[in-house]
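J.: My questions concern the predicted model and sequence given below.
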Amino acid sequence: MAKSRIQFVCQNCAATYSKWTGRCDNCGEWNTLVEQDVVPVGASVVAKSLKSGSILRPQTMRSISAEDRIERMTSGFADLDAVLGGGILPGGVILLAGQPGIGKSTLLLQVASIVAHDHTVLYASGEESSSQVKLRAMRLGADKDDRLEFVASTSADDIAATIRAAKHNLIIIDSIQTLSLGEISSAPGSVSQITNSANVIIRAAKEVGAAVIMVGHVTKEGSIAGPKVLEHLVDVVLQFEGDRYGGFKVVRAIKNRFGSTAEAAIFEMNEEGLEIVSNPSAALLEERQNTDGSIILATLEGNRPILVEIQALVNSTNFGYPKRTASGFDLNRLNLLIAVLERRTKLNLSDKDIYINVVGGLKLADPAADLAVAMAIASAAAGRRLDDGIVVFGEVGLGGELRSVPLVEKRVSEAKKLGFTRAIGPVPKHKEPFIKGVKDLRQALIDYLKT
(Lines give C-alpha, C1' and ligand atoms only; values in the text may rest on other atoms or scores of the structure.)
Protein backbone atom coordinates (compact mmCIF):
# COMPACT_ATOMS: atom_id res chain seq x y z
CA MET A 1 0.00 0.00 0.00
CA ALA A 2 1.32 3.43 -0.89
CA LYS A 3 2.59 5.40 2.08
CA SER A 4 0.61 8.55 2.86
CA ARG A 5 2.35 11.89 2.97
CA ILE A 6 1.48 15.45 3.95
CA GLN A 7 0.94 18.29 1.53
CA PHE A 8 -0.47 21.79 1.86
CA VAL A 9 -3.35 22.88 -0.37
CA CYS A 10 -4.39 26.48 -1.02
CA GLN A 11 -8.09 26.94 -0.17
CA ASN A 12 -8.41 29.70 -2.76
CA CYS A 13 -6.88 28.20 -5.91
CA ALA A 14 -6.16 24.53 -4.93
CA ALA A 15 -2.43 24.84 -5.60
CA THR A 16 -0.36 22.25 -3.66
CA TYR A 17 2.95 22.68 -1.80
CA SER A 18 5.25 20.30 0.01
CA LYS A 19 5.67 22.67 2.97
CA TRP A 20 3.68 25.46 4.54
CA THR A 21 4.23 29.06 3.49
CA GLY A 22 2.37 32.16 4.57
CA ARG A 23 1.54 33.25 1.03
CA CYS A 24 0.35 31.18 -1.94
CA ASP A 25 2.72 31.80 -4.87
CA ASN A 26 -0.01 30.90 -7.37
CA CYS A 27 -2.84 33.26 -6.37
CA GLY A 28 -1.05 35.61 -3.98
CA GLU A 29 -3.45 35.06 -1.04
CA TRP A 30 -2.16 34.94 2.52
CA ASN A 31 -2.82 32.21 5.13
CA THR A 32 -4.81 29.98 2.78
CA LEU A 33 -2.63 26.82 2.93
CA VAL A 34 -4.18 23.89 4.84
CA GLU A 35 -2.46 20.63 5.73
CA GLN A 36 -3.91 17.49 4.14
CA ASP A 37 -3.02 13.80 3.95
CA VAL A 38 -2.50 12.54 0.41
CA VAL A 39 -1.95 9.04 -0.89
CA PRO A 40 0.28 9.30 -3.97
CA VAL A 41 -0.67 7.44 -7.12
CA GLY A 42 2.02 4.85 -7.74
CA ALA A 43 3.02 2.89 -10.83
CA SER A 44 0.95 -0.10 -9.67
CA VAL A 45 -2.22 2.00 -9.66
CA VAL A 46 -1.52 3.26 -13.18
CA ALA A 47 -0.79 -0.26 -14.42
CA LYS A 48 -4.03 -1.54 -12.86
CA SER A 49 -6.07 1.22 -14.54
CA LEU A 50 -4.60 0.30 -17.92
CA LYS A 51 -5.88 -3.27 -17.58
CA SER A 52 -9.28 -2.42 -16.08
CA GLY A 53 -12.23 -0.72 -17.74
CA SER A 54 -14.53 -1.82 -20.54
CA ILE A 55 -14.77 -0.63 -24.11
CA LEU A 56 -17.55 1.88 -24.65
CA ARG A 57 -19.81 1.72 -27.68
CA PRO A 58 -19.93 5.14 -29.45
CA GLN A 59 -23.14 6.41 -31.03
CA THR A 60 -23.70 8.85 -33.84
CA MET A 61 -25.60 12.04 -33.13
CA ARG A 62 -28.37 10.88 -35.47
CA SER A 63 -28.89 7.64 -33.56
CA ILE A 64 -29.13 9.26 -30.12
CA SER A 65 -32.73 9.66 -28.98
CA ALA A 66 -33.64 12.81 -27.08
CA GLU A 67 -36.85 13.85 -25.39
CA ASP A 68 -38.37 16.83 -27.11
CA ARG A 69 -39.70 18.30 -23.88
CA ILE A 70 -38.76 17.61 -20.26
CA GLU A 71 -41.33 18.78 -17.76
CA ARG A 72 -39.72 21.16 -15.31
CA MET A 73 -40.72 21.79 -11.72
CA THR A 74 -41.97 25.30 -11.04
CA SER A 75 -40.33 27.20 -8.19
CA GLY A 76 -43.49 29.19 -7.49
CA PHE A 77 -41.84 32.42 -8.66
CA ALA A 78 -42.34 33.16 -12.36
CA ASP A 79 -39.30 35.44 -12.56
CA LEU A 80 -37.07 32.86 -10.86
CA ASP A 81 -38.31 30.22 -13.30
CA ALA A 82 -37.27 32.55 -16.14
CA VAL A 83 -33.80 32.90 -14.62
CA LEU A 84 -33.52 29.10 -14.43
CA GLY A 85 -34.57 28.77 -18.07
CA GLY A 86 -38.16 27.68 -17.46
CA GLY A 87 -38.08 26.06 -14.02
CA ILE A 88 -36.11 23.46 -12.09
CA LEU A 89 -34.95 20.74 -14.49
CA PRO A 90 -35.09 17.14 -13.14
CA GLY A 91 -31.52 15.89 -12.76
CA GLY A 92 -30.09 19.41 -12.90
CA VAL A 93 -27.67 20.79 -10.32
CA ILE A 94 -28.03 24.40 -9.14
CA LEU A 95 -25.60 26.37 -6.97
CA LEU A 96 -27.05 29.39 -5.13
CA ALA A 97 -24.50 31.79 -3.63
CA GLY A 98 -24.91 35.04 -1.73
CA GLN A 99 -23.88 37.12 1.28
CA PRO A 100 -24.70 35.85 4.80
CA GLY A 101 -28.20 36.81 5.92
CA ILE A 102 -29.41 37.93 2.48
CA GLY A 103 -32.18 35.28 2.40
CA LYS A 104 -30.80 32.16 0.69
CA SER A 105 -32.32 29.72 3.20
CA THR A 106 -35.59 31.66 3.24
CA LEU A 107 -35.89 31.54 -0.54
CA LEU A 108 -35.07 27.83 -0.75
CA LEU A 109 -37.52 26.91 2.01
CA GLN A 110 -40.24 28.82 0.15
CA VAL A 111 -39.31 27.05 -3.10
CA ALA A 112 -39.23 23.68 -1.30
CA SER A 113 -42.69 24.28 0.14
CA ILE A 114 -44.17 25.14 -3.27
CA VAL A 115 -42.48 22.24 -5.09
CA ALA A 116 -43.71 19.87 -2.33
CA HIS A 117 -47.31 20.44 -3.46
CA ASP A 118 -46.70 18.07 -6.41
CA HIS A 119 -43.29 16.46 -5.74
CA THR A 120 -41.28 15.01 -2.88
CA VAL A 121 -38.53 17.26 -1.51
CA LEU A 122 -35.62 16.58 0.83
CA TYR A 123 -34.19 19.58 2.68
CA ALA A 124 -30.77 18.76 4.22
CA SER A 125 -29.33 21.37 6.57
CA GLY A 126 -25.79 21.32 7.91
CA GLU A 127 -26.01 24.78 9.47
CA GLU A 128 -29.25 24.73 11.47
CA SER A 129 -31.03 22.26 13.71
CA SER A 130 -34.49 20.88 12.98
CA SER A 131 -36.10 23.20 15.54
CA GLN A 132 -34.50 26.28 13.97
CA VAL A 133 -35.71 25.34 10.50
CA LYS A 134 -39.15 24.52 11.93
CA LEU A 135 -39.48 28.05 13.31
CA ARG A 136 -38.65 29.54 9.92
CA ALA A 137 -41.02 27.15 8.19
CA MET A 138 -43.86 28.19 10.53
CA ARG A 139 -43.20 31.86 9.75
CA LEU A 140 -43.22 31.17 6.01
CA GLY A 141 -46.16 28.76 6.10
CA ALA A 142 -43.96 25.93 4.82
CA ASP A 143 -44.76 23.39 7.55
CA LYS A 144 -48.04 22.01 6.25
CA ASP A 145 -47.01 19.60 3.46
CA ASP A 146 -45.94 16.04 4.26
CA ARG A 147 -43.99 15.80 1.01
CA LEU A 148 -41.37 18.18 2.37
CA GLU A 149 -38.91 16.10 4.42
CA PHE A 150 -36.02 17.37 6.51
CA VAL A 151 -32.70 16.02 7.79
CA ALA A 152 -30.00 17.78 9.79
CA SER A 153 -26.54 16.39 9.08
CA THR A 154 -23.02 17.44 8.13
CA SER A 155 -22.09 14.01 6.73
CA ALA A 156 -22.06 13.89 2.95
CA ASP A 157 -21.96 10.06 3.15
CA ASP A 158 -25.18 9.93 5.18
CA ILE A 159 -26.99 12.43 2.97
CA ALA A 160 -25.95 10.57 -0.20
CA ALA A 161 -27.19 7.28 1.27
CA THR A 162 -30.51 8.95 2.17
CA ILE A 163 -30.86 10.29 -1.39
CA ARG A 164 -30.31 6.80 -2.85
CA ALA A 165 -32.73 5.15 -0.43
CA ALA A 166 -35.72 7.40 -1.18
CA LYS A 167 -37.09 8.69 -4.47
CA HIS A 168 -37.05 12.46 -3.93
CA ASN A 169 -37.61 14.82 -6.85
CA LEU A 170 -35.70 17.76 -5.38
CA ILE A 171 -32.74 17.81 -2.97
CA ILE A 172 -31.73 21.02 -1.20
CA ILE A 173 -28.31 21.16 0.50
CA ASP A 174 -27.79 24.05 2.94
CA SER A 175 -24.87 24.40 2.61
CA ILE A 176 -22.17 22.50 0.71
CA GLN A 177 -19.38 24.14 2.76
CA THR A 178 -20.65 22.46 5.96
CA LEU A 179 -20.52 18.89 4.60
CA SER A 180 -17.61 16.49 4.99
CA LEU A 181 -16.65 12.95 3.99
CA GLY A 182 -15.36 10.55 6.62
CA GLU A 183 -12.51 9.30 4.40
CA ILE A 184 -10.99 12.78 4.08
CA SER A 185 -9.14 14.13 7.09
CA SER A 186 -9.31 17.84 6.27
CA ALA A 187 -11.86 20.16 7.89
CA PRO A 188 -15.26 21.00 6.31
CA GLY A 189 -14.98 23.88 3.86
CA SER A 190 -11.56 22.85 2.55
CA VAL A 191 -10.94 22.34 -1.15
CA SER A 192 -10.93 18.55 -0.99
CA GLN A 193 -14.03 18.35 1.23
CA ILE A 194 -16.09 20.73 -0.93
CA THR A 195 -15.11 19.05 -4.19
CA ASN A 196 -15.60 15.45 -3.04
CA SER A 197 -18.75 16.13 -1.01
CA ALA A 198 -20.34 17.86 -4.00
CA ASN A 199 -19.35 14.95 -6.25
CA VAL A 200 -20.87 12.39 -3.88
CA ILE A 201 -24.16 14.32 -3.55
CA ILE A 202 -24.43 14.97 -7.30
CA ARG A 203 -23.68 11.34 -8.17
CA ALA A 204 -26.34 10.06 -5.75
CA ALA A 205 -28.92 12.54 -7.09
CA LYS A 206 -28.15 11.63 -10.72
CA GLU A 207 -28.76 7.95 -9.93
CA VAL A 208 -32.33 8.64 -8.80
CA GLY A 209 -32.98 11.48 -11.28
CA ALA A 210 -33.42 14.18 -8.64
CA ALA A 211 -32.67 17.87 -9.04
CA VAL A 212 -30.18 19.39 -6.59
CA ILE A 213 -29.95 22.93 -5.23
CA MET A 214 -26.82 23.62 -3.19
CA VAL A 215 -26.19 26.74 -1.12
CA GLY A 216 -22.67 28.14 -1.47
CA HIS A 217 -20.89 30.58 0.80
CA VAL A 218 -19.09 33.64 -0.58
CA THR A 219 -15.82 35.29 0.36
CA LYS A 220 -15.48 38.88 1.54
CA GLU A 221 -14.81 39.89 -2.08
CA GLY A 222 -18.16 38.39 -3.12
CA SER A 223 -16.87 35.40 -5.09
CA ILE A 224 -18.04 31.85 -4.33
CA ALA A 225 -15.93 30.30 -1.57
CA GLY A 226 -13.99 27.13 -2.31
CA PRO A 227 -12.41 25.82 -5.49
CA LYS A 228 -13.49 27.08 -8.89
CA VAL A 229 -14.14 23.46 -9.86
CA LEU A 230 -17.34 23.63 -7.76
CA GLU A 231 -18.85 26.02 -10.32
CA HIS A 232 -17.81 23.68 -13.14
CA LEU A 233 -19.51 20.70 -11.47
CA VAL A 234 -22.97 22.29 -11.49
CA ASP A 235 -25.32 23.17 -14.33
CA VAL A 236 -26.57 26.53 -13.04
CA VAL A 237 -24.85 29.12 -10.83
CA LEU A 238 -27.18 31.69 -9.28
CA GLN A 239 -25.90 34.85 -7.58
CA PHE A 240 -28.08 36.37 -4.83
CA GLU A 241 -27.22 40.07 -4.58
CA GLY A 242 -28.48 43.08 -2.66
CA ASP A 243 -28.46 44.66 0.76
CA ARG A 244 -29.31 42.16 3.48
CA TYR A 245 -30.68 44.96 5.70
CA GLY A 246 -33.24 46.24 3.21
CA GLY A 247 -33.91 47.24 -0.37
CA PHE A 248 -34.34 44.96 -3.35
CA LYS A 249 -32.57 41.64 -3.73
CA VAL A 250 -31.68 40.32 -7.18
CA VAL A 251 -31.15 36.71 -8.28
CA ARG A 252 -29.31 36.36 -11.58
CA ALA A 253 -27.63 33.43 -13.34
CA ILE A 254 -23.92 33.74 -14.02
CA LYS A 255 -23.86 30.27 -15.58
CA ASN A 256 -26.79 28.39 -17.09
CA ARG A 257 -26.58 25.29 -19.26
CA PHE A 258 -30.35 25.21 -19.69
CA GLY A 259 -31.20 28.82 -20.46
CA SER A 260 -30.12 32.43 -20.73
CA THR A 261 -27.89 34.35 -18.33
CA ALA A 262 -29.59 37.64 -19.24
CA GLU A 263 -32.61 37.25 -16.94
CA ALA A 264 -32.98 38.54 -13.36
CA ALA A 265 -35.53 38.04 -10.58
CA ILE A 266 -36.09 40.96 -8.19
CA PHE A 267 -37.30 40.19 -4.66
CA GLU A 268 -38.27 42.13 -1.58
CA MET A 269 -38.20 40.72 1.95
CA ASN A 270 -41.28 41.04 4.14
CA GLU A 271 -42.73 39.24 7.17
CA GLU A 272 -43.99 36.34 5.03
CA GLY A 273 -40.63 35.85 3.31
CA LEU A 274 -39.34 36.89 -0.09
CA GLU A 275 -41.81 38.29 -2.61
CA ILE A 276 -41.37 39.12 -6.29
CA VAL A 277 -41.46 42.86 -7.04
CA SER A 278 -43.91 43.20 -9.93
CA ASN A 279 -43.16 46.87 -10.74
CA PRO A 280 -39.72 47.79 -9.34
CA SER A 281 -39.52 51.08 -11.26
CA ALA A 282 -42.62 52.52 -9.58
CA ALA A 283 -41.43 51.36 -6.16
CA LEU A 284 -37.97 52.88 -6.63
CA LEU A 285 -39.32 56.26 -7.74
CA GLU A 286 -42.17 56.48 -5.23
CA GLU A 287 -40.34 58.75 -2.74
CA ARG A 288 -38.18 60.62 -5.24
CA GLN A 289 -37.79 64.41 -5.02
CA ASN A 290 -36.38 66.24 -8.02
CA THR A 291 -33.46 68.19 -6.57
CA ASP A 292 -29.97 68.93 -7.80
CA GLY A 293 -27.89 65.76 -7.92
CA SER A 294 -30.92 63.56 -8.70
CA ILE A 295 -31.09 61.84 -12.11
CA ILE A 296 -33.42 59.06 -13.30
CA LEU A 297 -31.58 56.27 -15.10
CA ALA A 298 -33.21 53.82 -17.51
CA THR A 299 -31.19 50.68 -16.81
CA LEU A 300 -31.55 46.92 -17.24
CA GLU A 301 -31.57 44.05 -14.75
CA GLY A 302 -31.02 41.15 -17.08
CA ASN A 303 -33.51 41.81 -19.88
CA ARG A 304 -35.91 43.73 -17.64
CA PRO A 305 -35.92 47.53 -17.95
CA ILE A 306 -35.92 49.45 -14.65
CA LEU A 307 -35.98 53.14 -13.85
CA VAL A 308 -33.79 53.90 -10.87
CA GLU A 309 -32.75 57.15 -9.18
CA ILE A 310 -29.06 58.10 -9.10
CA GLN A 311 -28.18 60.54 -6.33
CA ALA A 312 -24.98 62.57 -6.11
CA LEU A 313 -23.67 64.81 -3.34
CA VAL A 314 -20.70 67.14 -3.94
CA ASN A 315 -19.05 68.99 -1.05
CA SER A 316 -15.82 70.92 -0.63
CA THR A 317 -13.26 68.67 1.01
CA ASN A 318 -11.95 69.50 4.47
CA PHE A 319 -8.73 67.63 3.93
CA GLY A 320 -6.05 67.62 1.26
CA TYR A 321 -7.28 64.45 -0.38
CA PRO A 322 -10.89 64.43 -1.68
CA LYS A 323 -13.10 61.46 -0.82
CA ARG A 324 -15.05 59.49 -3.41
CA THR A 325 -17.70 57.03 -2.20
CA ALA A 326 -20.15 54.95 -4.24
CA SER A 327 -23.03 52.78 -3.07
CA GLY A 328 -24.30 50.42 -5.76
CA PHE A 329 -21.82 51.66 -8.38
CA ASP A 330 -18.25 50.61 -9.17
CA LEU A 331 -15.80 52.97 -7.46
CA ASN A 332 -13.15 52.62 -10.17
CA ARG A 333 -15.71 53.55 -12.81
CA LEU A 334 -16.74 56.55 -10.70
CA ASN A 335 -13.15 57.81 -10.56
CA LEU A 336 -12.88 57.42 -14.33
CA LEU A 337 -16.07 59.44 -14.92
CA ILE A 338 -14.82 62.17 -12.59
CA ALA A 339 -11.60 62.37 -14.60
CA VAL A 340 -13.60 62.61 -17.86
CA LEU A 341 -15.78 65.38 -16.37
CA GLU A 342 -12.75 67.41 -15.31
CA ARG A 343 -10.95 66.96 -18.61
CA ARG A 344 -13.80 67.24 -21.14
CA THR A 345 -16.22 69.66 -19.46
CA LYS A 346 -13.80 71.82 -17.44
CA LEU A 347 -15.60 71.14 -14.16
CA ASN A 348 -13.22 71.56 -11.23
CA LEU A 349 -13.75 68.54 -8.95
CA SER A 350 -10.22 68.09 -7.62
CA ASP A 351 -11.09 69.69 -4.26
CA LYS A 352 -14.56 68.13 -3.91
CA ASP A 353 -15.83 65.15 -1.94
CA ILE A 354 -18.19 63.15 -4.17
CA TYR A 355 -20.78 60.65 -2.98
CA ILE A 356 -22.92 58.48 -5.30
CA ASN A 357 -25.95 56.44 -4.23
CA VAL A 358 -28.13 54.07 -6.25
CA VAL A 359 -31.53 54.18 -4.57
CA GLY A 360 -33.09 50.85 -3.61
CA GLY A 361 -29.93 48.90 -2.87
CA LEU A 362 -29.38 47.86 -6.49
CA LYS A 363 -25.86 47.27 -7.78
CA LEU A 364 -25.41 48.61 -11.30
CA ALA A 365 -23.24 46.83 -13.84
CA ASP A 366 -24.90 48.46 -16.86
CA PRO A 367 -22.50 50.68 -18.88
CA ALA A 368 -25.51 52.86 -19.71
CA ALA A 369 -25.34 54.23 -16.16
CA ASP A 370 -22.28 56.35 -17.08
CA LEU A 371 -24.21 59.34 -18.40
CA ALA A 372 -26.64 59.38 -15.47
CA VAL A 373 -23.83 59.26 -12.89
CA ALA A 374 -21.85 61.98 -14.68
CA MET A 375 -24.89 64.25 -15.00
CA ALA A 376 -25.78 63.67 -11.33
CA ILE A 377 -22.27 64.78 -10.29
CA ALA A 378 -22.41 67.84 -12.55
CA SER A 379 -25.91 68.68 -11.31
CA ALA A 380 -24.83 68.52 -7.67
CA ALA A 381 -21.62 70.48 -8.31
CA ALA A 382 -23.38 73.29 -10.20
CA GLY A 383 -26.54 73.33 -8.07
CA ARG A 384 -28.74 72.79 -11.12
CA ARG A 385 -31.39 70.16 -11.63
CA LEU A 386 -32.78 68.31 -14.58
CA ASP A 387 -36.32 69.04 -15.75
CA ASP A 388 -39.12 66.72 -14.66
CA GLY A 389 -40.10 63.94 -17.03
CA ILE A 390 -36.59 63.17 -18.31
CA VAL A 391 -34.72 59.86 -18.07
CA VAL A 392 -31.05 59.38 -18.93
CA PHE A 393 -28.93 56.54 -20.31
CA GLY A 394 -25.70 56.21 -22.27
CA GLU A 395 -22.13 54.96 -22.03
CA VAL A 396 -19.41 57.62 -21.76
CA GLY A 397 -16.07 57.15 -23.52
CA LEU A 398 -12.74 58.59 -22.42
CA GLY A 399 -13.11 61.36 -24.96
CA GLY A 400 -16.44 62.38 -23.44
CA GLU A 401 -18.38 60.93 -26.38
CA LEU A 402 -21.62 59.02 -25.83
CA ARG A 403 -21.73 55.45 -27.09
CA SER A 404 -24.81 53.40 -27.96
CA VAL A 405 -26.28 50.90 -25.50
CA PRO A 406 -28.37 47.75 -26.06
CA LEU A 407 -32.15 47.35 -25.80
CA VAL A 408 -32.99 51.03 -26.20
CA GLU A 409 -36.59 50.18 -27.12
CA LYS A 410 -37.19 48.47 -23.77
CA ARG A 411 -35.74 51.42 -21.84
CA VAL A 412 -37.94 53.87 -23.77
CA SER A 413 -41.04 51.71 -23.31
CA GLU A 414 -40.55 51.54 -19.53
CA ALA A 415 -40.06 55.31 -19.34
CA LYS A 416 -43.23 56.00 -21.34
CA LYS A 417 -45.17 53.57 -19.15
CA LEU A 418 -44.32 55.61 -16.04
CA GLY A 419 -45.21 58.95 -17.61
CA PHE A 420 -41.81 60.31 -18.65
CA THR A 421 -41.80 62.52 -21.71
CA ARG A 422 -38.18 62.58 -22.90
CA ALA A 423 -34.95 60.61 -22.76
CA ILE A 424 -31.38 61.89 -23.01
CA GLY A 425 -29.01 59.43 -24.60
CA PRO A 426 -26.77 58.68 -27.57
CA VAL A 427 -27.99 59.70 -30.99
CA PRO A 428 -30.35 56.85 -32.04
CA LYS A 429 -29.64 54.90 -35.22
CA HIS A 430 -33.32 55.12 -36.14
CA LYS A 431 -35.37 58.25 -35.65
CA GLU A 432 -37.06 58.26 -32.25
CA PRO A 433 -38.85 61.47 -31.19
CA PHE A 434 -38.79 60.43 -27.54
CA ILE A 435 -34.95 60.39 -27.42
CA LYS A 436 -33.03 63.65 -27.44
CA GLY A 437 -29.74 62.42 -28.85
CA VAL A 438 -26.49 64.08 -27.77
CA LYS A 439 -23.02 63.42 -29.15
CA ASP A 440 -20.94 64.05 -26.06
CA LEU A 441 -21.11 64.68 -22.32
CA ARG A 442 -20.41 68.42 -22.65
CA GLN A 443 -23.42 68.92 -24.93
CA ALA A 444 -25.66 67.01 -22.51
CA LEU A 445 -24.67 69.24 -19.59
CA ILE A 446 -24.96 72.52 -21.52
CA ASP A 447 -28.31 71.74 -23.14
CA TYR A 448 -30.20 70.15 -20.26
CA LEU A 449 -28.76 71.28 -16.89
CA LYS A 450 -30.30 74.76 -16.93
CA THR A 451 -32.62 75.20 -13.98
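T.: All right, it came through fine.

J.: List the contacts of the lengthiest helix in the chain.
T.: For the chain, the longest helix by residue count, based on DSSP state H, is helix 191-208. For helix 191-208, contacts defined as CB atoms under 8 Å, 6 or more residues apart in numbering pick out 9-11, 14, 34, 36, 91, 93, 156-157, 159-161, 163-164, 167-168, 171, 173, 176-177, 179-181, 184, 186-187, 211-212, 214, 226-227, 229-230, 233-234. C-beta: built from backbone N, CA, C; applies to glycine.

J.: The residues you listed in strands, which ones?
T.: Among the contacts of helix 191-208, the members found in strands (DSSP state E) are Val9, Cys10, Val34, Gln36, Val93, Ile171, Ile173, Ala211, Val212, Met214.

J.: Adding neighbour count, distance to Gly383 and pLDDT, write those out as TSV.
T.: Putting the ones in strands among the contacts of helix 191-208 into TSV (neighbours: other CB atoms under 10 Å; distance: CB to CB, whole Å; pLDDT from 0 to 100) gives the following:
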residue	neighbour count	distance to Gly383	pLDDT
Val9	22	58	82
Cys10	21	53	83
Val34	18	56	79
Gln36	19	62	72
Val93	22	55	95
Ile171	25	58	96
Ile173	29	55	95
Ala211	24	56	95
Val212	26	56	96
Met214	26	52	95
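
J.: ok, so of these, who is nearest Ala262?
T.: Val93 (21.1 Å; CB to CB).

J.: can you pull the contacts of that closest one?
T.: The neighbours of Val93, taking CB under 8 Å, 6+ apart as the test, are Ile202, Ala205, Ala211, Val212, Met214, Leu233, Val234, Asp235, Val236.

J.: Tell me the bridge partners for it.
T.: Val212 (DSSP bridges).

J.: doesn't Asp118 make contact with Asp148?
T.: Small correction: residue 148 is Leu, not Asp. No: using CB atoms under 8 Å as the test, Leu148 is too far from Asp118 to be in contact (11.7 Å).

J.: any idea how far Thr32 is from the closest residue in space to Gly328 that isn't next to it in sequence?
T.: Spatially, and ignoring its direct neighbours in sequence, Gly328 is nearest to Val358 (3.0 Å; CB to CB, 6 or more residues apart in numbering). As for Val358, its distance to Thr32 is 33 Å (criterion: CB to CB, to the nearest Å).

J.: Between the two, tell me which one has more neighbours.
T.: Taking other CB atoms under 10 Å, Val358 and Thr32 do not tie; Val358 has more neighbours (23 against 19).

J.: can you pull the pLDDT of that one?
T.: If you check Val358, the pLDDT there is 93.

J.: is it in a bridge, and if so with what?
T.: Going by DSSP bridges, Val358 forms beta bridges with Ile310.

J.: check contacts around it.
T.: By CB under 8 Å, 6+ apart, the residues touching Val358 are Val308, Glu309, Ile310, Gln311, Ser327, Gly328, Phe329, Leu364.

J.: give the contact list for the residue nearest to Lys417 when sequence neighbours are not counted.
T.: Nearest-residue entry for Lys417: Ser281, 8.0 Å, with adjacent residues in sequence omitted and distances by CB to CB, 6+ apart. Ser281 makes contact with Pro305, Ile306, Leu307, Val308, Glu414, Lys417, Leu418, according to CB under 8 Å, 6+ apart.

J.: count of neighbours near Phe420?
T.: Residues lying near Phe420 (other CB under 10 Å) number 19.

J.: wait, isn't it in contact with Leu386?
T.: No: contact criterion CB under 8 Å: Phe420 and Leu386 do not qualify, at 11.4 Å.

J.: mind checking the end-to-end distance for stretch 413-422?
T.: Its first and final residues considered, stretch 413-422 spans 11 Å by CA to CA, to the nearest Å.

J.: mind listing what's buried in that stretch?
T.: Glu414, Ala415, Phe420, Arg422 (16 or more other CB atoms under 10 Å).

J.: and of these, the nearest to Val340?
T.: The nearest member of these to Val340, counting by CB to CB, is Arg422 at 23.7 Å.

J.: pretty sure that closest one contacts Gly437?
T.: No: at 11.1 Å, Arg422 and Gly437 do not qualify as touching, with contact defined as CB under 8 Å.

J.: Could you check how far Glu287 is from Ala312?
T.: Between Glu287 and Ala312 the distance is 17 Å, computed by CB to CB.

J.: out of the two, which sits in the more crowded spot?
T.: Applying other CB under 10 Å to Glu287 and Ala312 shows that Ala312 carries more neighbours, namely 24 against 8.

J.: mind checking the SS state of the more buried one?
T.: Under DSSP: H, G, I helix; E, B strand; the rest coil, Ala312 falls in the strand class.

J.: In this structure, what helix or strand scores lowest on average pLDDT?
T.: Between all helices and strands in the chain, the lowest mean by mean pLDDT, DSSP states H and E belongs to helix 43-51, at a mean of 60.

J.: Any regions of this protein where pLDDT drops low?
T.: Along the chain, the parts satisfying pLDDT under 70 run over 1-5, 37-51, 66-69, 451.

J.: how does it divide up, domain by domain?
T.: With domains defined by automatic domain parsing, the chain comprises 5-42, 78-278, 282-448.

J.: coming back round to it: helix, strand or coil: sort out the residue nearest to Lys417 for me.
T.: With three-state DSSP as the basis, Ser281 sits in helix.

J.: How much space separates it from Pro406?
T.: Distance, Ser281 to Pro406, by CB to CB: 18 Å.

J.: ok, now Arg385?
T.: Taking CB to CB, one finds Arg385 at 29 Å from Pro406.

J.: which one of the two has more residues nearby?
T.: Neighbours per residue (other CB under 10 Å) separate Arg385 from Pro406, with Arg385 holding more: 17 against 13.

J.: Nearest spatial neighbour of the more buried one, chain-adjacent residues omitted?
T.: The shortest distance from Arg385 to any non-neighbouring residue, by CB to CB, 6+ apart, is to Asp292 (4.6 Å).

J.: now Tyr17
T.: Nearest residue to Tyr17 in three dimensions, chain neighbours excluded: Phe8, at 4.6 Å (CB to CB, 6+ apart).

J.: can you pull up the bridge partners for the one you found?
T.: Beta-bridge pairing for Phe8 (DSSP bridges): Tyr17, Glu35.

J.: If you tally nearby residues, what's the number for it?
T.: By other CB under 10 Å, 17 other residues sit near Phe8.

J.: doesn't Lys19 make contact with it?
T.: Yes: Phe8 lies in contact with Lys19 (CB under 8 Å); the separation is 6.8 Å.
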